[in-house]
Every structure is written in structure tokens, then in C-alpha cells.
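J.: make a model of this:
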Amino acid sequence: MEDMPDGSRLIVVSNRLPVALVREDNEWKTKRSAGGLATAMDPILKRAGGFWIGWSGSEEEQSPETLEILRRDQACIAVDLPIELLKKFYDGHSNQALWPLFHNFASRLGLRIGKLGSVYRSKSQVLFVEVKPMWANKGTLASELLPGYADGGFVLGIGDDQTDEDLFAQLPENAWSIHVGGGPSRARYSVADTKRVRSLLQRLTT
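T.: A predicted model of the protein is given here:
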């Protein structure tokens, strides 16, 4: 397997940034997250270079100075989360319903989220919710990002659920699109589990 080409950058896109913005004595500072995704990806991101795109975790509108702190100190690009989604999803469905219920009574949970997003059930019968503007999906984001950052180089897309199929459909023909798990997919390649994904990422970044 060939290594990542010289000059390539790793771009991570997720709901939340691996850091939180906190205000101390009228000054903004960053605090690293202890989440599983952040812990797993942080060393890979540092070795490969690049940046992380996601919500900052702050309800306040960020100043250019604060955004620069995230870019400079943490290689992060913050995306504002509309207040409606913040209140109804993060403070409502996520914190008050999904988190406690999924840990104990997942089979009994029924959700109606209207215009906020879509409800999916995976092949393993795990229920999950996608919250976003109705026109947006991972494919539309890839279409926006690729012209400015890919530069005709190495493009890797990995996913394991229904929402990733939009991404696979928009990637260039020569991209490495990888579906994790069994079943049909638009991805060019398939691997059995996340253990093989970690092995692949390690080989690409060493």
C-alpha cells in the first residue's frame, strides 16, 4: 500500500470540535475534549497535519480573534450551530432524551424531529438521528471542500452508515471511498470493521 503523498493534509469533519471554548477572566481559552473520537484522531491529525471542522460548543457568536485562536493553537475551524438546532437537539433531544434513553431503553424510543433532520435505523437496528439543514448532507459538504483543498491529490472517505452514502457518491472516481461493515454501498472498497480502519490509517500516516 502506498503512503500518503507528500504535502497531503488530513481534514476531519464532525459535529463537535475536539476542543471547547471557555471564557476565563474575560479571555477566551481552549480546552481539549476527552471524547473517544477526539482521543483517537488527535495523534493521527498531529502526525499528518491538517485541521478539524466542527461546532465550537459555544452558544456565543465567535469573534475573529477567537476563531484565530482555534486555528492557530488547535488547528480547528469552528462552524456556527443555529440556535434552533442547539436548543432543540443538543439541549433537548440529545441531552434530555437520547443520551439517557439510549443507554437503557433504546428499543422503546420514538422520535419526531420535524424539520430539524432525519431518523435512521441501521442494519444492526441501532436508531440514530441526523440533525442538519434539510438540503445538506455529507455529499454537499464534500462538493464544497474538495475544489479548495484536494488539489487533485489523495482523497479518502470512510463511513459505516446510511448518511455516508451521499459522501461516497460525490467523491472523485480515483478517491479511496471505504465502507465499514457488510451490505451494499456506493464506496469503491469495503472493510469488515473499525480495527481494519485503524490499521489502514496507521499505515497511511507512517
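
J.: and the helices in this structure?
T.: 36-48, 64-74, 83-85, 99-104, 138-149, 165-170, 194-204 (DSSP state H).

J.: just say which of these is most tucked in.
T.: helix 165-170 (a mean of 19; mean count of other Cβ atoms under 10 Å). C-beta here means a position set from N, CA and C on the backbone, and glycine is covered the same way.

J.: how far off centre is that helix?
T.: Averaging C-alpha positions (Cα atoms, centre = their mean, to the nearest Å) puts helix 165-170 15 Å from its chain's average.

J.: quick one on the thing from earlier: closest to Val22 out of the helices of the chain?
T.: helix 64-74 (11.1 Å; Cβ to Cβ).

J.: mean pLDDT and distance to Arg186 for the helices of the chain - can I get that in TSV?
T.: Output for the helices of the chain, formatted as TSV (pLDDT from 0 to 100; distance: least, Cβ to Cβ, whole Å):
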stretch	mean pLDDT	distance to Arg186
helix 36-48	75	23
helix 64-74	82	33
helix 83-85	76	27
helix 99-104	61	28
helix 138-149	83	10
helix 165-170	93	4
helix 194-204	89	18
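
J.: and of those helices, who's closest to Gly182?
T.: Gly182 sits nearest to helix 194-204 of all the helices of the chain, at 12.9 Å, using Cβ to Cβ.

J.: out of the helices of the chain, nearest to Trp55?
T.: Judging the helices of the chain by Cβ to Cβ, what sits closest to Trp55 is helix 83-85, at 9.3 Å.

J.: end to end on stretch 14-33, go ahead and measure it.
T.: In stretch 14-33, first residue to last residue: 13 Å (Cα to Cα, to the nearest Å).

J.: stretch 11-24 too?
T.: 29 Å.

J.: start at 801, not 1
T.: Noted, 801 is the first residue going forward, which turns the last one into stretch 811-824.

J.: buried residues in that stretch, which are they?
T.: Ile811, Val812, Asn815, Arg816, Leu817, Pro818, Val819, Leu821 (16 or more other Cβ atoms under 10 Å).

J.: next one: the fourth one from Leu941, what distance?
T.: Using Cβ to Cβ, to the nearest Å, we find Arg816 at a distance of 16 Å from Leu941.

J.: closest to Pro984 out of the helices of the chain?
T.: helix 965-970 (9.4 Å).

J.: just the pLDDT for the residue of the chain positioned farthest from its centre.
T.: Most distant from the centre of the chain: Asp825, at 31.3 Å, with distances by Cα atoms, centre = their mean. Note on Asp825: pLDDT of 77.

J.: brilliant, that's me finished.
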